[in-house]
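okay, predicted coordinates and the sequence, questions at the end:
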Amino acid sequence: MSPKTDNPKAPPSKSYRLTNRTIDNLVYLVNVGAAKNHTDAIEKAVEHMATEERTKEKLKEKM
């Protein structure tokens, strides 16, 4: 069972710890106005990482 729910069918939850540097970068995005709040900063960071990954894949295809 997942520790946060009584649902026996729920998959086990995973927790991830962000490094202090990552947290500082997210706070920075909020402080400079690039993100409305920390959740928005996380969404923007994930979108950015996905864009970088797609760019890498396109470059590999061209080779």
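Yep, that arrived.

now do the longest helix along the chain: distance to the chain's middle.
The single longest helix within the chain, with elements called by DSSP state H, is helix 38-62. On the basis of CA atoms, centre = their mean, to the nearest Å, helix 38-62 sits 10 Å off its chain's mean C-alpha point.

who are the packing partners of that helix?
Based on contacts counted as 3 or more CB pairs under 8 Å, 6 or more residues apart in numbering; DSSP states H and E, the elements that helix 38-62 packs against are helix 20-31. (Each C-beta comes from the backbone N, C-alpha and C, glycine too.)

for the helix it packs on, which outside residues touch it?
By CB atoms under 8 Å, 6 or more residues apart in numbering, the residues outside helix 20-31 that reach it are 18, 35, 36, 37, 38, 40, 41, 42, 44, 45.

please pick the buried ones from those.
35, 41 (16 or more other CB atoms under 10 Å).
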